[in-house]
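J.: Model the structure of this input:
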Amino acid sequence: MKALNDNAHPLESLLQQHCPNGVEFKPLGEVIERVRRKVKNLNNVNVYSVSNSQGLILSTDFRDRKLYSEDISNYTLIQKGEFAYNPARLNIGSIAFLTDEVGAVSPMYVVFKIDEKSLNQKFLFYFLKSPTTLRKIVSLTETGARFRFDFKRWEKFPIPLPPLEIQSKIVEILDTFTELEAELEARLKQYHYYRNKLLSHDELENRTAKSRNDSDPATLVPYVRLGEACEILDNLRKPITKSKRTQGIYPYYGANGIQDYVNEYIFDGDFLLMGEDGSVINKDNSPVLNWVSGKFWVNNHAHILKEKSNTTNLRFVFFYLQTCDVSSIVRGVPPKINQQNLKTIQIPLPPLAVQNEIVELLDKFDTLTNDLTSGIPAEIEARKKQYEYYRERLLSFIAKD
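T.: So this is what the prediction gives:
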């Protein structure tokens with residue numbers, strides 16, 4: 001295994017100590033054993049399915065319980081620490097081990113247990129899920145044949161078997177990255193929950209009620225069309241073909257963000273951009289948005305919004321639109337949100353003081369989560385890259401002579 005960095009890594013010392021001449025490779029089939037035990041008459045056994053992204057998950061979490069509650073006597077009984085995989089989907093990582101005490105899996109899955117005297121369970125898991133291993137698995141499929149990796153194939157599938165101490169150290173390092181990424185993902189979900197709660201109808205009404213006289217007959221939180229609250233400045237857009245752009249310091253925006261930098265600008269101030277065509281919708285069906293401050297240029301693939309009056313905080317509109325499902329107004333191929341449909345989006349318009357209060361709170365979180373250099377998404381991406389790098393390096397061994 002090559003050095004992980006310029007300094008001595010703990011694993012290097014362990015490898016030099018335990019296997020100075022390289023690591024032993026064996027066919028995986030020699031250190032695993034297939035499990036064929038059936039559920040038979042056992043009652044109250046949880047049924048699991050193998051997911052390539054979530055591991056072994058309860059089948060009832062995403063399927064109708066009736067599919068599994070009538071007769072599972074022919075299902076395979078799987079015990080804690082044993083592996084199950086889908087032979088038709090192993091090429092995309094559909095393999096996992098059971099962390100609960102006992103369960104059952106469909107006969108479509110292959111179950112096996114490991115020789116714990118020579119193999120660490122999580123070391124094997126990380127090894128089998130690595131892109132290098134998955135490519136090797138795919139390469140063993142006959143040309144033109146439908147992919148299927150039967151248990152017998154493991155008999156000729158080589159795996160590095162460093163001493164258990166080294167396997168455990170590798171697992172410890174990779175677990176750390178996995179836990180950090182999970183923590184960051186959880187923090188991001190907390191932010192989204194907090195943002196959505198602050199912008200919910202009930203929360204807006206509660207804050208509005210506290211900010212004014214109860215005898216005021218006006219609706220607490222009126223809803224208006226986006227076209228009533230914001231001015232659409234699309235008529236000021238000027239696309240420039242790439243060959244005619246002169247490089248400069250001013251951002252040149254398109255539907256999903258900065259496309260280039262040019263030497264002139266047509267806008268100066270705080271504006272909200274929403275993708276018009278191409279990249280217009282996120283995975284959660286919210287619109288693709290960009291908050292822009294300062295001098296910039298924009299082409300004709302992004303709508304340009306500015307508040308119409310002092311009753312609207314444009315930043316409030318920006319945050320609220322992040323919670324909106326706009327899939328119903330997306331049209332055509334490529335996807336497009338035309339200006340007419342854009343103007344019909346309904347948004348709440350509480351008093352300006354309430355809008356300002358919510359913006360102040362969300363700005364603090366937005367800085368943390370969405371800043372391109374220090375926010376949580378960037379940190380998650382960095383951790384993923386670190387994890388992938390270390391996983392490949394830590395699982396790359398030199399074979400023993």
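
J.: mind checking how far stretch 76-84 is from the chain centre?
T.: Distance, stretch centre to chain centre, for stretch 76-84: 28 Å (C-alpha atoms, centre = their mean, to the nearest Å).

J.: now stretch 107-116
T.: In terms of C-alpha atoms, centre = their mean, the centre of stretch 107-116 is found 29 Å from the chain centre.

J.: Okay, buried residues for it please.
T.: Within stretch 107-116, the residues scored as buried using 16 or more other C-beta atoms under 10 Å are 109, 110, 111, 112, 113, 114. Heads up, the C-betas are built off the backbone N, CA and C, glycines and all.

J.: so is residue 310 in a helix, a strand, or just coil?
T.: Secondary structure, DSSP: H, G, I helix; E, B strand; the rest coil: residue 310 is coil.

J.: So what does it have for phi and psi?
T.: phi -80, psi 10 (degrees, to the nearest 10).

J.: residues touching it, list them.
T.: residue 352 (C-beta atoms under 8 Å, 6 or more residues apart in numbering).

J.: now it: how far from residue 283?
T.: To residue 283, residue 310 is 35 Å away according to C-beta to C-beta, to the nearest Å.

J.: Identify those among the buried residues of stretch 107-116 that sit within strands.
T.: 110, 111, 112, 113, 114 (DSSP state E).

J.: and the closest residue in space to the fourth one that isn't next to it in sequence, how far is that from residue 116?
T.: On the basis of C-beta to C-beta, 6 or more residues apart in numbering, the spatially nearest residue to residue 113 that is not a chain neighbour turns out to be residue 82, at 4.7 Å. Spatial separation of residue 82 from residue 116 under the definition C-beta to C-beta is 11 Å.

J.: was I right about residue 196 contacting residue 319?
T.: No. Contact status for residue 196 versus residue 319: not in contact, 10.0 Å apart, counting by C-beta atoms under 8 Å.

J.: between those two, which one's more packed in?
T.: Between residue 196 and residue 319, counting by other C-beta atoms under 10 Å, residue 319 is the more crowded of the two (23 against 13).

J.: which ones are touching that one?
T.: Per C-beta under 8 Å, 6+ apart, neighbours of residue 319: 195, 199, 358, 359, 362, 366.

J.: Might one say that the residue nearest to residue 113 is in contact with residue 36?
T.: No. Look at residue 82 against residue 36 with C-beta under 8 Å: they stay out of range, at 11.7 Å.

J.: which residues do the two both contact?
T.: What both residue 82 and residue 36 touch, as defined by C-beta under 8 Å, 6+ apart, is the set residue 111.

J.: of the two, who's got more company?
T.: Each of residue 82 and residue 36 has its neighbours counted (other C-beta under 10 Å); residue 82 has more, 23 against 11.

J.: Spit out the contact partners of the more buried one.
T.: By C-beta under 8 Å, 6+ apart, the contact list for residue 82 reads 35, 97, 98, 111, 112, 113.
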